[in-house]
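Colleague: quick one, fold the following:
(one chain, ligands or ions: 1)
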Amino acid sequence: MTELIMNPRATRQAQVEVRKIIPKREQVLEKDLHQFYYLKAIIKETFRLHPPSPVLLPRESIQDVTIDEYEIPAKSRVFVNVWEIGRDPKSWESPEEFNPDRFIGCDIDFMGQDFGLLPFGAGRRGCPGIALGAVTIELALAWLLHRFDWELPLGVRAEDLDLTEVYGISMHKITDLVLVAKPQLHESIC
Ligand code: HEM
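Modeller: I've put the predicted structure just below:
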């Protein structure tokens, strides 16, 4: 929501998508989610810039291996820095820019096959809750954008928002995001 409030064009595009697909019913349901392309692009872009687990669970190499010019001996502890990978200019154009459009017409997903985007990790120790986690986020965001327009409180500017993140069990913003929710009373959801 922080990235969206700073990127009204992306917010609008997702709202148009969700409200067009769900014109008459009150609820966005799980079965509707496969139709949302831009909403999913927003979630991927958010995972790229703000992975909830910035460093994956530690691994241990089982044999000597050389990757590029790096020699990694057996029994080394290996940390995968997903946060850094998501901002690597070798993998991403304008990596610091929040731009969901980069995922439109592109196959990159977070299921663990695309090593540039690993918010749920990968391989045998990858997150077993990936399906539940992804659906929960998609539904929550779809509901927020379907039902409400969002604004900053009077006198608060988007450029003044504190984006500092702190590391804990998962990464989160150091300050809460406070927004004004304006219920959408358009006929399509009444
Ligand atoms: C947005 C939601 C979620 C994110 C971003 C997330 C992310 C992750 C990540 C990055 C890992 C480490 C994977 C690796 O090192 O390769 C992990 C592990 C794990 N996750 Fe999730 N997770 C989410 C939701 C869930 C849910 C809903 C559940 C359970 C219902 C769950 C259960 C687990 C468990 C049990 C592990 C440890 C797996 C192991 O050690 O083998 N996660 N998760």
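Colleague: just give me the longest helix of this structure.
Modeller: helix 130-147 (DSSP state H).
Colleague: in it, what's buried?
Modeller: 134, 137-139, 141-142, 144-147 (16 or more other CB atoms under 10 Å). Any C-beta I mention is one placed from the backbone N, CA and C, and that applies to glycine too.
Colleague: list the contacts of it.
Modeller: 1, 11, 14-15, 18-19, 22, 27-28, 30, 32-33, 36, 39-40, 42-43, 110-112, 120, 127, 150, 183-184, 189 (CB atoms under 8 Å, 6 or more residues apart in numbering).
Colleague: contacting residues for residue 93?
Modeller: residue 102 are the contacts of residue 93 under CB under 8 Å, 6+ apart.
Colleague: before we move on, the earlier item: for the longest helix of the chain, give the mean pLDDT please.
Modeller: For helix 130-147, mean pLDDT rounds to 97.
Colleague: quick one, strands of this protein?
Modeller: Here the chain has its strands, by DSSP state E, at 59-60, 65-67, 70-72, 77-78, 148-151, 165-166, 172-173, 180-183.
Colleague: closest one to residue 91 among the ones you listed?
Modeller: strand 65-67 (15.7 Å; CB to CB).
Colleague: gap between that closest one and the chain center?
Modeller: 31 Å (CA atoms, centre = their mean, to the nearest Å).
Colleague: just the buried ones from the contacts of helix 130-147, in PyMOL syntax?
Modeller: With 16+ other CB under 10 Å as the criterion, this PyMOL line picks the buried residues out of the contacts of helix 130-147:
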select buried, resi 11+14+15+18+19+22+28+32+33+36+39+40+42+43+110+112+120+127+150+189
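Colleague: for this structure, what lies in contact range of the ligand?
Modeller: Within reach of the ligand by CB under 6 Å from any ligand atom, the chain has these residues: 52-53, 56-57, 119-122, 125-129, 132-133, 137.
Colleague: one more pass at 8 Å, please.
Modeller: Residues of the chain that fall close to the ligand, judged by CB under 8 Å from any ligand atom: 47, 51-53, 56-57, 59, 80, 82, 112, 118-130, 132-134, 136-137, 170.
Colleague: low-confidence regions, this structure specifically.
Modeller: 24-25, 185-190 (pLDDT under 70).
Colleague: what about the helices in it?
Modeller: Using DSSP H, helices in the chain cover 2-6, 8-21, 37-49, 82-86, 130-147.
Colleague: of the strands of the chain, which is nearest residue 102?
Modeller: Using CB to CB, the strands of the chain put strand 165-166 closest to residue 102, at 21.1 Å.
Colleague: can you list the strands that the closest one pairs with?
Modeller: The pairing partners recorded for strand 165-166 under DSSP bridges are strand 172-173 (antiparallel).
Colleague: run the chain-centre distance for the partner strand.
Modeller: Worked out by CA atoms, centre = their mean, strand 172-173 lies 13 Å from the chain centre.
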